[in-house]
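Trainee: Below are the sequence and a predicted model for it; my questions follow.
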Amino acid sequence: MNFVSMTFWLALVGGFAVLSLIRILLGKPAWFERTGFIVLSLFLLGMESVETVLIFSWVAGMGYLGLFCRRKMILGIVTPLMLAPLAYYKYSGFLTEIFSGERPMAHVLIPMGISFYTFQVISFVIDSFRQEESRPPLVDYLNFASFFPQIVAGPIERRCDLLPQVKSLRFVLRREALEEGLPWIVLGLFLKLVLAENFALLDSELRSVAVNAVQVWLEAGFFAFRIYFDFAGYSFIALGLARCFGIRLTLNFESPYLARNLQDFWRQWHVTLSRWFRDYVYFPLGGSRVKFWAVNLIVVFLVSGLWHGAGWNFLIWGGLHGGGVWACMMTGKHRLPGLVSWGVTMLFVTLAWIFFMESDWKVAWEKVQMLASPSKYQLSPAAVLGIFDGPKTVILALMILALTGCVMIGEWYSKRSGELYGLFRNRWLQLALIAGIFFLAPASESRFIYFNF
Amino acid sequence: MRLTTFPAVKGSISASDKGSRRRWPWYFTAGVALLMWILASLVSFKWDPEAGFWKEVIERKITAADGLRELEGDKPMIFVGGGSSCSFSIHPDLLTEETGLPAVNLGGSAGMGYRYLIDLATSRARKGDIVILHLEPEILQVDEHSLQPLAVKVDLSRGLTGATRGAFAGELYQRPVLDRLAALRPGAKFLGTLAAKVVRGGPLYRYRLEDIQENGVLGMVTTEPNADREGFQSMKGWLEDEKVKADLKRVAEFGEKQGIRIFYTLPWEVFRPEILVAQRLEHARALEVMEGFLPIIRDATMGATAENDWFLDTGYHMRREPGRERTRVLGQALKRMLEEGL
């Protein structure tokens, strides 16, 4: 379910058209309104592979079974069964590496969306139990678990937010809903195709081995923007698609790169995942009310790191952020001036991304060491230009960095105006974004980074 | 203090998303998108000097191949295909001199992707002919099933007539038209470079038609070769992709079915002296895999040399004399194989 592939959009339009025709031929029965979405969602998921649908069905099935169980059963049997595919597909290679010292070469591919829908279904079961909510009809539960805009990469929605909405789903496209969703889709496509993809292109056209520390800064900076535009772009397309069908999903990003400290950063980056870890890991550990709250905090971030990927590098990345947030909390009363605070936060986040982008933590560590070594800095214009694969790449870098600057200023302006990303949904600016998508996006086919998680 | 400082999340639906602003009607948005798509495709298609150059190169080569076929009648022919390493380094007249068979260089550019290049190389071959795939390891390293914009543009500018009725013709043309149109988007790099070149007033593309020399071999007669390149890194892990292997299997089956003998040979590439031996060992490993699909025309270099002066602007584009030497070596090896009945 790749929102930037033509195949996805053709399948969506085709699938929706065929199902709409069936709905009309059947005389628009009430039962079809919500069932139609399940069929459409599973059809779109099935385009990835049959295995993807089967694994999803297992997780969703176990989740529904969990609604019939008592607490001990949920914790002892159902949750582990729901987590089993995730453990096998995502972590078995890493566990083998830990115990045998070698990572298996031909490791299984991680099924699309498994980390996201598994967490969403687990939260559904736990919330249902905790709040003693009634068991919803199967059709509503399946729509909650499989709603196609957010099944593969979030947002990870909660029962109280999404379930009431899917109960009133209608298998129709209303003009007002469509016009509300389209600006988000356009913005998402622009961020993904124009910015994230060009940053990916830039990264691939730097020298293959960094000998100048300036290159490491550039690689980390490019990756920082790339991953943000990639995931935020996906999230906005998901949000827009859902709106087209009258569903309001959570805004998963709230201009995180404008944050002035790490706590704010994590309030604004992948909002629904932060909330999940807060409610289902941090609070059950005792939250901030226990003596060893700092340990809890670090544990949450380590688990969050592992959620992003099975590898030491992700663990280090999570640990760094945990330590960073802890440091922020400890120095809370001694805030730096706004701009300095923002600069320090961006610096920390960018440095930490090095451990995220390098799958081998030793390579990442070498890069960090390089950054700390003054002799590795070659600042002459020739040395800096030599990092790029020719003048074409330099021109591209200048264009994309200028565009990124404009987007950041636009985010800042929107936030000040009290409407996140509001400027980009201005109807005149939307025309410019559309032109950008077709003129500035690289022609190569692409996928979203977060599909790997 | 602590309770509030852990990353807390606001209400699930952002209050700032009012959804009350004025919007374009959906059909207006869709119309603008369609118009932009058409405009962008036209810009990319009409003003891409690279596509224009390679279209002309391929047209000339195909015309030459068809002319030679007419001249030679039923005599078996040799077609050599590959990326620009082939276009720059393989001199068909020397292949003919060594083997006695008429030969054509049907090389294109690596940017077209290996499927298009193999398709092109096999497109003119008939029963009894020989096709030599002189493909760069880089393009056999990854699955290139995705459409290559350069190939789409060249193909479209040739009126979709198909250089391509070779090993992959069926699949190349099964891709949805919209996918192919999507591949026509120009992109920031293309537009930025084009604008810079127009402002600077220099040539729009590195190579010009004047660079096409005798027998369709490319040289660099119009611009100074740039020797400052980074083509010295070790290249590992090619021919490991399962989809690439599946494609090679199809090529072998195509050759068998059509009665065409298809060989693979490594282009010569320059590497740093200290990694030369390791690179040759790596190539030897990959050639063992390749041998499971296609017979190999080998030579002592194993596709790796340390002679930087033999090359022009990239570590693959050979100068005239070294290129002729490379072709001689290829021709002699092929002749030996043919004599041995392979």
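Mentor: All right, it came through fine. Numbering: from 1, shown residues only, chains lettered A, B, ... in the order given.

Trainee: Report the separation between B:L133 and B:L150.
Mentor: 19 Å (C-beta to C-beta, to the nearest Å). No exception for glycine: its C-beta is placed from N, CA and C like everyone else's.

Trainee: Those two: which is more packed in?
Mentor: B:L133 (25 against 22; other C-beta atoms under 10 Å in any protein chain shown).

Trainee: beta partners of that one?
Mentor: Using DSSP bridges, the bridge partners assigned to B:L133 are B:G81, B:Y264.

Trainee: Find the least confident helix or strand in the chain, judged by mean pLDDT.
Mentor: Because you didn't say which chain, this covers chain A. Lowest on mean pLDDT, DSSP states H and E among the helices and strands of chain A sits helix A:71-73, with a mean of 75.

Trainee: actually chain B
Mentor: helix B:2-5 (a mean of 37).

Trainee: Beyond that helix, next helix or strand please.
Mentor: Note on helix B:2-5: by DSSP states H and E, the next helix or strand toward the C-terminus is helix B:26-46.

Trainee: So which residues make contact with the helix or strand following that following helix?
Mentor: On the C-terminal side of helix B:26-46, the nearest following helix or strand under DSSP H and E is helix B:49-72. Residues outside helix B:49-72 that contact it (C-beta atoms under 8 Å, 6 or more residues apart in numbering or on different chains) are B:45, B:77, B:79, B:87, B:102, B:104-109, B:111-112, B:120, B:123-124, B:150, B:153-154, B:157-158, B:163, B:194, B:204-205, B:207-209, B:212, B:215-216, B:218.

Trainee: So among the residues you listed, which ones count as buried?
Mentor: B:45, B:77, B:79, B:87, B:102, B:104-109, B:111-112, B:120, B:123-124, B:150, B:153-154, B:157, B:163, B:194, B:205, B:207-208, B:212, B:215-216, B:218 (16 or more other C-beta atoms under 10 Å in any protein chain shown).

Trainee: So which of those belong to strands?
Mentor: B:79, B:104-105 (DSSP state E).

Trainee: can these go into CSV with extra columns for distance to A:L420 and pLDDT?
Mentor: Compiled in CSV, those are given as follows (distance: C-beta to C-beta, whole Å; pLDDT from 0 to 100):
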residue, distance to A:L420, pLDDT
B:F79, 59, 95
B:V104, 61, 93
B:N105, 58, 94
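
Trainee: Closest to B:H91 out of those?
Mentor: Ranked by distance to B:H91 (C-beta to C-beta), those are led by B:N105 at 7.5 Å.

Trainee: Quick check: beta-bridge partners of that closest one?
Mentor: B:V80.

Trainee: My read is that it contacts B:S87, right?
Mentor: Yes. B:N105 lies in contact with B:S87 (C-beta atoms under 8 Å); the separation is 6.8 Å.

Trainee: Show me which positions of the helix or strand hosting B:R250 end up buried.
Mentor: For B:R250, the element it lies in under DSSP H and E is helix B:242-258. Across helix B:242-258, burial judged by 16+ other C-beta under 10 Å covers B:244-245, B:247-248, B:250-252, B:254-255, B:258.

Trainee: Check stretch A:137-153 too.
Mentor: Buried, per 16+ other C-beta under 10 Å, within stretch A:137-153: A:139-153.

Trainee: How about stretch B:335-342?
Mentor: So for stretch B:335-342, counting by 16+ other C-beta under 10 Å, buried means B:M337.

Trainee: who touches that stretch?
Mentor: B:98-99, B:263, B:295, B:297.

Trainee: Max pairwise distance over these: which two?
Mentor: B:E98 and B:P295 (17.5 Å).

Trainee: Who has more neighbours out of those two?
Mentor: Shown here are B:E98 and B:P295; by other C-beta under 10 Å, B:E98 has more neighbours (20 against 16).

Trainee: so that one makes contact with B:V329?
Mentor: No. Contact between B:E98 and B:V329 fails when scored by C-beta under 8 Å: they sit 9.2 Å apart.

Trainee: dump the residue contacts of A:S373.
Mentor: A:A213.

Trainee: Backbone dihedrals for it, please?
Mentor: The phi/psi pair for A:S373 (degrees, to the nearest 10) reads phi -100, psi 110.

Trainee: any low-confidence regions in the stretch 1-150 of chain A?
Mentor: A:101-108 (pLDDT under 70).

Trainee: What segments of the stretch 51-200 of chain B are helices?
Mentor: Along the stretch 51-200 of chain B, the stretches classed as helices by DSSP state H, counting those that start in this stretch are B:84-89, B:92-99, B:114-122, B:149-157, B:169-172, B:177-182, B:188-200.

Trainee: Nice, that's everything, thank you.
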